[in-house]
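Novice: Build the 3D model from these lines:
(3 chains)
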Amino acid sequence: MRWRYPFALLAVLALFATACDEGDPVDVDDPTTDDPVDDPVDDPVDDPVDDDEAAVGGTLVAAIGGDPDQLDPHTTTSSFAFTVLENVYDTLVQPGDDLTPEPALAESWEISDDLLTWTFTLRDGVTFHDGSPLTAADVVASFERIAEEGANAFRLGAIDAYDAPDDLTVVMELNRPAPNLLDQIGAFKGMAIAPAAAIEAGTLGDEPIGTGPFAFVSFTPGDNVVLEANPDYWDDGPFLDGIDFRVIPDESVKVTNLETGEVDWIDSVPPQQLDQLEADDQIVLGRVAGNDYWYMSLNNDREPFDDPNVRRAIAFALDIEIITEAAKFDAATPNETAIPETSFWYFDYAPFGQDLDEAQRLLDEAGVSDLTIDLMVTNEFPETVTSAQVIASQLAEVGIDVEIRTEDFSTWLADQGDGEFDAFALGWLGNIDPDDFYYAQHHSTGGFNFQGFADDEVDELLDGARVETDADARKELYAQAAARIVDLASYIYFYNPEILEAWSPEGTGYEARPDVAPRFATTRKG
Amino acid sequence: MTEPTHDPAEELQAPDEPSEPRWRETLSALLKNRLAAAGMIVLALLILSAVFADLVAPYAYTDGDIVRRLEPPGRDHWFGTDELGRDVLSRVIFGARVSLQVGAVAVGISLMVGTLIGLISGYRGGWIDAVLMRTMDVLFSFPVVLLAIAIVAVLTPSLRNTMIAIGVVFTPIFARGVRGSVLSVREEVYVRASRSLGASDWRIISRHVLPNVAAPVIVQTSLSLAFAILTEAALSYLGIGVQPPRPAWGLMLLDAQGFIPTGAWWMSLFPGLAIFLTVMALNLVGDGLRDALDPKQRSIIQSRGVT
Amino acid sequence: MGRYVLRRTAQAAVALLGVSIVVFALIHLVPGDPVRPALGTRFDQELYETLIARAGLDQPLLLQYWNWLTSALTGDLGVSFRTGQPVTGALLQRLPATMLLAFAALLVGLLIALPAGIVSAVRQGRPVDYAASSFSQIGVSVPDFWFGLLLILVFARSLGWLPPSGYVSPLEDPVEAIRRLILPATTAGVVTGAILTRFVRSSVLEAMGAEHVRLARAKGMPERYILRHHVLRNAWIPVVTITGLQLATLLGGIVVVEVVFAWPGIGRLALDAVVRRDYPVLQGAVLLIATGFLLINLLVDLLYARLDPRITTS
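Specialist: A predicted model of the protein is given here:
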């Protein structure tokens, strides 16, 4: 079953794969140009009629970089599908502007004293696009399906049983305390709540039915996905008549089409065009620090990389500022740990910096010379290829010869699963909770620990943090774990890229989000 | 991209009588042809700089200074620098190595395999001939670039597989042509005579058939090299040929495309110019060779086009 | 004549059968499992087995081929591994863009080649002839994708006259559609034009050397009249032939130009299928283009035979 891990890895990866090019945590745009964020606060919530009156209507044309492979939220892992589905479906809770969970379909929740029973109260009066009311049975059916479908089943690992004592109450029984449960069940629309009837009938894949601000109209593979406004939406909006998501794979075409007004919004911007687009007053650039990170890792099961000092030597030999600059221009922030500065869980730690003497000393001490590293990268994510070339020239300075192996992603994943590498470079996209950042990657039993890192202290810290419910205590545990992970160079971290989107100045009420989930509910055009 | 859809049998038709290798004549005819001579000079320079790239290139092709990325052509970097601050001139020079290697190996494959198939087919005849030639017909029924793409898709993209794919694609050209020549020689009186005198197949082939086939094969080799280099560049540009960090010209153009909006024209200009000059030189030499070896033959256009 | 048609058609049919075997074999030549890599981000045992079954990969090889061939003949090329959508639908959706570009490129090629070829034949050995042959020489040597990049640099980026890339359906916005068509059609058309120019020139030259032309000239007929009534009347047959073949060639080779200009045609679909390991789509695209290629070649041969009866007897 060596396939399973790679594909699960990819699942998480793909979650945000739009993020192929984004940049570094810089402050969001100048608020004077347009500041749509606060509309919901001023508007009377839950009044679609009012919304209609306020609306200017119109169809937003949104360019996405690729075809959604399918539109079933529980099975797809395509970032393009989620760009669309973000506006069709809701989850029980959803990430707020700072990515902490906030109420969505669940109005409130209670946790039992033993931390093992969670009781959610659903919002009253929410209806699906087909007119049927949202009930607890729909929630239970959705979670059961997610658990069955595989792609996101691991997020429900802490939950043993679901119950729907009445139409608006959902009870979850846990097998262990799960401080990050809200994040697990609401981080993205892969955890969408769909009608039980549609799940039963098996029609979800062909015709998405959700509770979101927009309802599905049509999907032409390779061409577009059309959504129309849901007048009965439970939250603020929508103000648009609909959204036309057009598939435009070519980045420069996307930019051109935005410039010529053929599209109103594009899902990514090539980092090398940032300066140029920033100067263009016909375009609003959305830049926000993202939670993704890119890194390289060495095969701990192979000599001499089993020696932490050899891994550290390599970390000392690298200049991650240069790697960052090369791969992302100004659109990323170098970071020697995983979690970006903007996150609550950020841990300020940078023990390396480039120090060639120290690198050479460590290598000599380990008795390593004439080292050749087989570094595996994939053209699916060109920034890994770019980084690899910089890494190669930097490591050459301490006498290490890097042989870059560029593969297509399928082959790359297979080789990763088989441990067929000295080193690889990739990114993790779409993580929010620190458990997502560290457990699977660095716990000795972790499902994505392809580098074979094993450290008892790290295991203990990660296991403890997983069930620690006090946020500050938990943060401290993760800081300790992170310090050790960085010190022992399980991963050598490079940078956190920025989320880059762009739209026409006609579009207001929209803001790029750090989780790359484009929400058009409160967007207006014109 | 266009392809050789012409019938090469026609083109490779050997002269009617066995000819001695006319190297000296050919060379002097070639040198008198000013275009072909120019092509040979360009080719010679290319080969020299590919072989001695380490000496000729001002920088190593991996050497990058990120601070000096995307610099336009200037005193330190005649062809400017790329997105990693690497010297474009040096990469173009090292790129010649990749292009010439792919071209030579790929055409080498099709030359050997194709000639062998053509010899067997033409000399043996019968059902072997029928099977081999129908197979070649099928390969010939695919547009060249498309077939190369399909082969690479099966084998996964890499330098080696690019050479294999192009080699396969060009095999039928040689096979058909050689077969045609063999057929015409086979029934010549002197061949029949030597056969009746008990000469072995191998002797007949090496003494009578091969010399007749040589001239058209040489011409075809030159023209195929041009087209193989074009095809390699196209595959690399499509991202399914040579993989980074090798500095293939097509790959450099693929990188360059993302920087066209930023105005880095030198990244697109020079690698393309290198492909263009190489292909043009090979075409001119091929043209000249044909004129020298058989003035009646049609012109070079056939390497890319036409029935 | 009838026998020639029959023979040539049978030949094409055999080749087509061979093509179908090669295309069918593609998926079986893949080292390892062809389905799993395509599933990529959404591995799932059940889906995997469904796809295997739908692609018929669990059956004996010969039966698989038979089923695949018979469905292909009825227009069913299976479903994409990635999207689960029918391949035929995806191909038909992309076909108009490719056809539009191919015909536009051919038009550009003829617009270049007819005047250039005729003039250089009539003015043989003069500067204009050298100019035309230099153009041909350059045109056949220039990598089309690079030429396309240069056009983008000059006409889209520097001068800003035309959009750099992208496709707009002529049914949606005819003016914009033409603006977007100009650069890619020119890119593919110049190479085509370079090849055609030589052919037009040599056909015209050949026709000019014919007996009745020399006779007409000896009678003192005006050059212009001779050109129109004697030369071009005879020269057009090979030109039509070569033009047809160029169309076939264009269809096969346009993938690169489609990529340069982000043109959503069959070629790009095939390339995406390669990258995504979506073998049914790749098979469908290759089969479609190769069939078109064969058919055009057949039609051209038959047409040529009809126009020039000598061919059937030789």
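Novice: Isn't A:Ile391 up against A:Asp319?
Specialist: No. A:Ile391 sits out of contact with A:Asp319 when judged by C-beta atoms under 8 Å, with a separation of 9.7 Å. All C-beta atoms are positioned from the backbone trio N, CA, C, and that covers glycine.
Novice: who has more neighbours, the two?
Specialist: Each of A:Ile391 and A:Asp319 had its neighbours counted (other C-beta atoms under 10 Å in any protein chain shown), and the higher figure belongs to A:Ile391 (30 against 20).
Novice: For the closest residue to C:Arg233 other than its chain neighbours, list the residues it contacts.
Specialist: Using C-beta to C-beta, 6 or more residues apart in numbering or on different chains and skipping residues adjacent in sequence, the residue nearest C:Arg233 is C:Ala207, 8.0 Å away. C:Ala207 makes contact with C:213, C:230-235, according to C-beta atoms under 8 Å, 6 or more residues apart in numbering or on different chains.
Novice: Kindly report the residues of the stretch 151-300 of chain C close to chain A.
Specialist: C:163-166, C:168, C:262, C:264, C:269, C:272, C:275, C:277 (C-beta under 8 Å from any C-beta of the partner chain).
Novice: Give me the subset of those that lies in strands.
Specialist: Residues of these located in strands (DSSP state E): none.
Novice: For the stretch 201-350 of chain A, just list every one of the helices.
Specialist: Secondary structure of the stretch 201-350 of chain A (DSSP state H, counting those that start in this stretch): helices located at A:251-259, A:274-278, A:308-317, A:320-328.
Novice: Dump stretch B:78-88 to CSV, keeping only the CA atoms.
Specialist: This file holds the C-alpha atoms of stretch B:78-88, laid out as CSV (Å, rounded to 0.1, in the frame of the first residue of the first chain):
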residue,chain,number,x,y,z
TRP,B,78,27.0,39.7,-23.3
PHE,B,79,23.6,37.9,-23.5
GLY,B,80,22.3,39.2,-20.2
THR,B,81,21.4,37.0,-17.2
ASP,B,82,18.4,34.8,-16.4
GLU,B,83,16.0,34.7,-13.5
LEU,B,84,18.7,33.1,-11.3
GLY,B,85,21.4,35.5,-12.4
ARG,B,86,23.1,33.0,-14.6
ASP,B,87,25.0,34.0,-17.7
VAL,B,88,22.8,33.4,-20.7
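Novice: Determine if any part of it is in contact with chain A.
Specialist: Yes. Where contact is defined by C-beta under 8 Å from any C-beta, part of stretch B:78-88 touches chain A, namely B:83-84.
Novice: ok, and what's touching that stretch?
Specialist: With contact meaning C-beta under 8 Å, 6+ apart, stretch B:78-88 is reached by A:272, A:326, A:386, A:389-390, B:57-59, B:61-74, B:77, B:89, B:91-92, B:252, B:255-256, B:258-259, B:264, B:266-267, B:270-271.
Novice: re the thing from before, make a markdown table from the contacts of C:Ala207 and add distance to A:Pro514 to it.
Specialist: A markdown table is the format used below for those (distance: C-beta to C-beta, whole Å):
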| residue | distance to A:Pro514 |
| --- | --- |
| C:Val213 | 78 |
| C:His230 | 76 |
| C:Val231 | 72 |
| C:Leu232 | 69 |
| C:Arg233 | 72 |
| C:Asn234 | 72 |
| C:Ala235 | 68 |
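Novice: Out of these, list just those in helices.
Specialist: For these, membership in helices holds for C:213, C:232-235, with DSSP state H as the criterion.
Novice: Go through these and name the one nearest chain B.
Specialist: Relative to chain B, the closest of these is C:Ala235; by C-beta to the nearest C-beta it sits at 15.4 Å.
Novice: Any of the contacts of stretch B:78-88 buried? List them.
Specialist: For the contacts of stretch B:78-88, a burial check counting by 16 or more other C-beta atoms under 10 Å in any protein chain shown picks out A:272, A:326, A:386, A:389-390, B:57, B:59, B:61-66, B:68-71, B:73, B:77, B:89, B:91-92, B:252, B:255-256, B:258-259, B:264, B:266-267, B:270-271.
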